[in-house]
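Enquirer: What shape does this take:
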Amino acid sequence: MKKLGVIFDNLYLQHDNGMGHPESPQRLLAIHDMLTTTGLINEVTRINPRDATQEEICLVHDPEYFNLIKSTRGRPRIFLDPDTSTSPLSFDAALRAAGGMLSGIDSVVKKEVDIAFALVRPPGHHAEKNRAMGFCLFNNIAVGAAYAINSYGFKRILIVDWDLHHGNGTQNIFYTSPNVLYFSLHQYPYYPGTGGINEVGAKEGTGYNVNVPLPAGMGDKEYIKVFFEILGPIAQQYRPEIVLVSAGFDPYFDDPLGGMQVTPSGFAQMGRFLKELAESVCDGRLVLILEGGYNLEGLWHSTKAVIEELIGKRKTRYEDKDNVTKADAVIEQVKKVQSQFWRF
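Expert: I've put the predicted structure just below:
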């Protein structure tokens with residue numbers, strides 16, 4: 001059995017986007033209910049998160065932007081974009097959300113746990129260097145990657161983003177860096193409009209950005225085939241020193257904000273794949289962080305499947321990778337573009 005550290009804090013529930021907003025505290029409460037109802041809470045290790053410091057946040061965000069978010073502390077609702085707002089405790093929650101990622105990285109690198117899963121909000125992967133968007137304030141996973149480089153001297157970090165939406169913020173922050181390989185599969189064209197096949201990085205980061213833009217309607221067999229056909233070969237050549245995951249559960253088949261068809265078994269297969277990948281390339285170092293996912297029942301069942309997979313309580317059978325799928329044309333296009341950098 002793998003020792004899984006789970007990061008959770010009641011402060012995450014205090015970030016309030018307003019009545020009827022899909023990114024609500026109920027999302028985390030659904031996952032916590034799953035952990036307690038199933039008894040999984042007794043099979044994981046609780047990690048208490050710390051707050052990220054201003055210096056750590058500013059590894060990827062402009063100081064002026066940090067101060068803008070800080071200025072919302074204690075104030076009633078402030079809209080940063082049409083979808084993204086703050087409440088009096090949002091800044092504090094955002095510091096601890098980023099800090100939750102850092103606590104997870106510390107615990108895994110120091111071998112206190114084998115794998116960590118940061119169950120945080122607000123989410124992060126849309127946040128740009130100097131702009132909040134898409135429900136995101138600070139880019140938690142980007143802060144984590146920069147921290148791992150800065151504090152542990154890592155030179156090769158793999159970020160895998162399986163959220164329904166493209167992580168524009170994460171891509172842009174590391175677009176010119178070879179120290180972070182950003183891999184995303186996402187519904188396209190869709191919000192936020194980025195994530196095309198030809199966005200491959202720039203300058204020293206050319207070849208270290210991999211987008212798999214999928215049309216709506218893709219399910220388990222398409223997602224896992226993308227992992228086997230594209231992610232696997234690239235990761236084996238890149239040899240990351242740690243794998244970080246933007247785990248969004250909005251590709252779920254009944255998510256109100258998405259058009260994908262992934263089931264809890266599909267998420268479990270992706271979790272299994274990444275656990276086995278990390279074991280083969282970086283001594284098992286794997287840290288996941290919650291991004292999207294707005295169907296509460298979907299969150300309940302999908303996070304259960306992933307956590308059971310990560311701790312070794314289940315071993316989900318992979319879909320037959322040789323089957324023809326609706327993603328095959330996109331897979332071949334991505335291989336054609338990426339073959340100038342990687343072997344397939």
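Enquirer: residue contacts, residue 192?
Expert: The contact partners of residue 192, by C-beta atoms under 8 Å, 6 or more residues apart in numbering, come to 126, 133-134, 165-166, 168. Bear in mind the C-beta positions are built from the backbone N, C-alpha and C, glycine included.
Enquirer: Now the two most distant members of the residues you listed.
Expert: By the measure C-beta to C-beta, those have their two most distant members at 133 and 166, which lie 12.0 Å apart.
Enquirer: Looking at the two, which one has more neighbours?
Expert: Taking other C-beta atoms under 10 Å, residue 133 and residue 166 do not tie; residue 166 has more neighbours (29 against 18).
Enquirer: In this protein, which residue is most central in space?
Expert: For the chain, the residue sitting closest to the mean C-alpha position, by C-alpha atoms, centre = their mean, is residue 246 at 0.5 Å.
Enquirer: The nearest residue to that residue once chain neighbours are set aside: what's it in contact with?
Expert: Here the nearest residue to residue 246 in space, its sequence neighbours aside, is residue 161; by C-beta to C-beta, 6 or more residues apart in numbering that works out to 4.0 Å. With contact taken as C-beta under 8 Å, 6+ apart, residue 161 is in contact with 125, 141, 167, 170, 182-186, 245-246, 248, 291.
Enquirer: can you check residue 157 too?
Expert: Applying C-beta under 8 Å, 6+ apart, one finds that residue 157 lies in contact with 145, 148-149, 179-181, 240-242, 244.
Enquirer: confidence score at it?
Expert: Reading off the confidence values, residue 157 has pLDDT 98.
Enquirer: Any idea what it is bridged to?
Expert: Taking DSSP bridges, one obtains residue 180, residue 242 as the residues bridged to residue 157.
Enquirer: Share the number of residues neighbouring residue 39, please.
Expert: Neighbouring residues of residue 39 were enumerated by other C-beta under 10 Å; the total is 8.
Enquirer: which residues does it contact?
Expert: Counting by C-beta under 8 Å, 6+ apart, residue 39 has no contacts.
Enquirer: picking that back up, can you read off the backbone torsions of the residue nearest to residue 246?
Expert: Summarising the backbone geometry of residue 161 under the convention degrees, to the nearest 10, its torsions are phi -120, psi 100.
Enquirer: Also residue 79?
Expert: Residue torsions, per degrees, to the nearest 10, at residue 79 are phi -90, psi 130.
Enquirer: check contacts around it.
Expert: Contacts for residue 79 were tallied using C-beta under 8 Å, 6+ apart; they are residue 85.
Enquirer: Now with 10 Å, please.
Expert: Residues in contact with residue 79, defined by C-beta atoms under 10 Å, 6 or more residues apart in numbering, are 18, 85-86, 132.
Enquirer: In helices only, show me those.
Expert: Assignment to helices by DSSP state H places none of the contacts of residue 79 there.
Enquirer: Among those residues, pick out the one closest to residue 296, please.
Expert: residue 18 (17.5 Å).
Enquirer: Do you know the pLDDT at the closest one?
Expert: Reported pLDDT for residue 18: 95.
Enquirer: doesn't residue 77 make contact with it?
Expert: Yes: using C-beta atoms under 10 Å, residue 18 is in contact with residue 77, at 6.4 Å.
Enquirer: tell me, what's touching the two both at once?
Expert: With contacts taken as C-beta under 10 Å, 6+ apart, residue 18 and residue 77 have 85, 87 as neighbours in common.
Enquirer: And the strands in the protein?
Expert: Here the chain has its strands, by DSSP state E, at 4-7, 45-47, 78-81, 84-86, 115-118, 157-161, 180-187, 209-214, 242-247, 286-290.
Enquirer: re the thing from before, closest to residue 256 out of the contacts of residue 192?
Expert: residue 165 (13.3 Å).
Enquirer: In CSV, list the contacts of residue 157 along with pLDDT and distance to residue 274.
Expert: Compiled in CSV, those are given as follows (pLDDT from 0 to 100; distance: C-beta to C-beta, whole Å):
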residue, pLDDT, distance to residue 274
145, 99, 16
148, 98, 16
149, 98, 20
179, 98, 20
180, 99, 16
181, 99, 14
240, 98, 11
241, 98, 15
242, 99, 12
244, 99, 10
